[in-house]
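S.K.: Below is the structure, and that's it, no one-letter string:
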Ligand SMILES: [Fe+2]
């Protein structure tokens with residue numbers, strides 16, 4: 001595989017990941033999980049920067065731009081939800097939506113780790129060692145993110161997605177990620 005094809009696959013996947021985290025932030029906000037919303041918003045910001053970094057790297061180290069492929073909309077939010085208000089969502093729907101979201105998120109991050117690992121091997125096999133190191137840093141990041149997703153998923157699974165338990169931690173989680181956003185110079189109101 002040529003190096004530009006490797007990067008094209010990475011950037012296409014990064015765009016899809018950014019879309020997923022943006023839709024997740026919107027959906028979790030709608031469902032009233034304000035801490036989880038901030039967490040996904042933080043991922044959206046970090047991964048947006050990561051995609052910029054990939055584009056910069058290709059331009060500055062290969063003196064070319066790569067196409068972003070054809071990103072697919074993750075379509076995380078059911079279209080029918082757009083005709084409801086927050087008041088119309090009952091607890092059972094929230095609980096089911098949250099469980100479904102965590103399963104999708106976990107699969108997505110596992111797929112990301114697998115894709116980057118395969119592309120890392122391709123880059124090594126083709127002798128693009130510096131590029132492989134760049135891809136290695138993406139693997140390290142998604143590996144950490146996946147750990148965080150699985151930890152939270154297992155925690156919620158242990159309490160059978162009990163809403164009082166989940167709601168209790170939303171405020172602290174909200175403040176934690178608000179602080180983290182501020183640390184990187186972002187203050188969303
Ligand atoms: Fe992610």
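M.R.: Nice, thanks for sending it over. Note that the coordinates shown come from a computational prediction; the quantities given were computed from them, not determined experimentally.
S.K.: and residue 70, how many residues sit next to it?
M.R.: As a burial measure, residue 70 scores 9 neighbours (other CB atoms under 10 Å). Heads up, the C-betas are built off the backbone N, CA and C, glycines and all.
S.K.: That one in helix, strand or coil?
M.R.: coil (DSSP: H, G, I helix; E, B strand; the rest coil).
S.K.: With residue 75 instead?
M.R.: coil.
S.K.: which residues touch it?
M.R.: Counting by CB atoms under 8 Å, 6 or more residues apart in numbering, residue 75 touches residue 23.
S.K.: any idea how far it lies from the ion?
M.R.: Distance, residue 75 to the ion, by CB to the ion, to the nearest Å: 17 Å.
S.K.: just residue 100 next, same as before
M.R.: 17 Å.
S.K.: since we're on that residue, how many residues are nearby?
M.R.: Counted with other CB under 10 Å, residue 100 comes out at 12.
S.K.: Can you tell me the element the residue nearest to residue 61 when sequence neighbours are not counted falls in?
M.R.: Spatial nearest neighbour of residue 61, chain neighbours left out: residue 130 (7.0 Å); criterion: CB to CB, 6 or more residues apart in numbering. Using DSSP states H and E, the secondary-structure element containing residue 130 is helix 129-158.
S.K.: Past that helix, which element shows up next along the chain?
M.R.: Helix 129-158 is succeeded, C-terminally, by helix 163-168 (DSSP H and E).
S.K.: In terms of secondary structure, what does that next one contact?
M.R.: helix 91-125 (3 or more CB pairs under 8 Å, 6 or more residues apart in numbering; DSSP states H and E).
S.K.: Can you check what angle separates the helix it packs on from helix 129-158?
M.R.: Helix 91-125 runs at 160 degrees relative to helix 129-158, counting by axes from the mean of the first three to the mean of the last three CA atoms, to 10 degrees.
S.K.: helices or strands next to helix 91-125 in the packing?
M.R.: helix 3-31, helix 129-158, helix 163-168.
S.K.: at 10 Å instead, please
M.R.: Packing partners of helix 91-125 (3 or more CB pairs under 10 Å, 6 or more residues apart in numbering; DSSP states H and E): helix 3-31, helix 34-62, helix 129-158, helix 163-168.
S.K.: what's the closest of the ones you listed to residue 95?
M.R.: helix 163-168 (5.9 Å; CB to CB).
S.K.: rewinding a little: show me the contacts for the residue nearest to residue 61.
M.R.: Shown in contact with residue 130 (CB atoms under 10 Å, 6 or more residues apart in numbering): 57, 61, 123.
S.K.: among those residues, who's most crowded?
M.R.: residue 123 (22 neighbours).
S.K.: Report the separation between the closest residue to that one other than its chain neighbours and the ion.
M.R.: Distances taken as CB to CB, 6+ apart place residue 132 nearest to residue 123, at 4.0 Å, with adjacent residues excluded. The gap separating residue 132 from the ion is 21 Å, by CB to the ion.
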